[in-house]
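In: pasting the sequence and the predicted model now:
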Amino acid sequence: MTNKDTRFQKGVSGNRKGRPLGSRNQSILAVEKLMENQAAAITQKCVDMAMDGDPTALKLCISRLIPIRRERSVSLALQPLEGSKDALRAIGTVLEAVGSGVITPGEGTSVARLLDGHRAAYKTEELENRLIALEARVCGAN
């Protein structure tokens, strides 16, 4: 007699005739059908309520007109990065841009992280080259 592992196995549902991928809930389908021809009237009602001063309707309308800004392109005049010291100078430029209001602190943080990653890569390469040179001297001396 063998002991079969009956615990849930990752990626195996156990219900081969389960709900198909991409299928939609019946209640959502029913609501969509009810509202199918009412979208314009509901939108107009929301706008009317907002115009009458309803704060919730106003917030809804504004959020649709002016969506939350996720990210934007940032343009900074940075010198070419040829070493870790150049990356440190570039981070200083980013700090100046944040301080003067050219970019937001969040944008400055994102750019500074990229520059710090670049600086760390230069440092790693520099240490690797120094280690190779040291090993060559030590091994060459034997």
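Out: Sure thing, it's come through.
In: which strands and helices lie in contact with the longest helix seen in the chain?
Out: Scanning the chain for the helix with the most residues, using DSSP state H, yields helix 105-141. Under the contact definition 3 or more Cβ pairs under 8 Å, 6 or more residues apart in numbering; DSSP states H and E, helix 105-141 sits against helix 84-99. For the C-beta atoms, the positions are set from N, CA and C on the backbone; glycine is no exception.
In: contacts for the helix it packs on, please.
Out: Identification of contacts with helix 84-99 by Cβ atoms under 8 Å, 6 or more residues apart in numbering yields 76-81, 103-105, 107-108, 111-112, 115-116, 118-119, 122-123, 126.
In: and stretch 26-41, by the same measure?
Out: For stretch 26-41, the external contacting residues (Cβ under 8 Å, 6+ apart) are Ile42.
In: that stretch: how far from the chain's middle?
Out: Centroid separation for stretch 26-41 versus its chain: 33 Å, with Cα atoms, centre = their mean, to the nearest Å.
In: kindly report the same for stretch 20-37.
Out: Here stretch 20-37 is found 30 Å from its chain centre; the criterion is Cα atoms, centre = their mean.
In: same question for stretch 36-55.
Out: 33 Å.
In: can you show me the CA trace of that stretch as PDB?
Out: Extracted in PDB, the C-alpha atoms of stretch 36-55 (Å, rounded to 0.1, in the frame of the first residue of the first chain):
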ATOM      1  CA  GLU A  36     -25.500  48.900 -21.200                       C
ATOM      2  CA  ASN A  37     -27.900  51.600 -22.600                       C
ATOM      3  CA  GLN A  38     -27.700  54.000 -19.600                       C
ATOM      4  CA  ALA A  39     -24.000  55.000 -19.600                       C
ATOM      5  CA  ALA A  40     -24.700  58.500 -21.100                       C
ATOM      6  CA  ALA A  41     -27.600  59.200 -18.800                       C
ATOM      7  CA  ILE A  42     -25.600  58.100 -15.700                       C
ATOM      8  CA  THR A  43     -22.600  60.200 -16.800                       C
ATOM      9  CA  GLN A  44     -24.800  63.200 -17.300                       C
ATOM     10  CA  LYS A  45     -26.500  62.700 -13.900                       C
ATOM     11  CA  CYS A  46     -23.000  62.600 -12.200                       C
ATOM     12  CA  VAL A  47     -22.000  65.800 -14.000                       C
ATOM     13  CA  ASP A  48     -25.200  67.500 -13.000                       C
ATOM     14  CA  MET A  49     -24.700  66.400  -9.300                       C
ATOM     15  CA  ALA A  50     -21.100  67.700  -9.500                       C
ATOM     16  CA  MET A  51     -22.300  71.100 -10.900                       C
ATOM     17  CA  ASP A  52     -24.800  71.300  -8.000                       C
ATOM     18  CA  GLY A  53     -21.900  70.900  -5.500                       C
ATOM     19  CA  ASP A  54     -22.000  67.200  -4.600                       C
ATOM     20  CA  PRO A  55     -18.500  66.700  -3.400                       C
END
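In: appreciated, that's everything.
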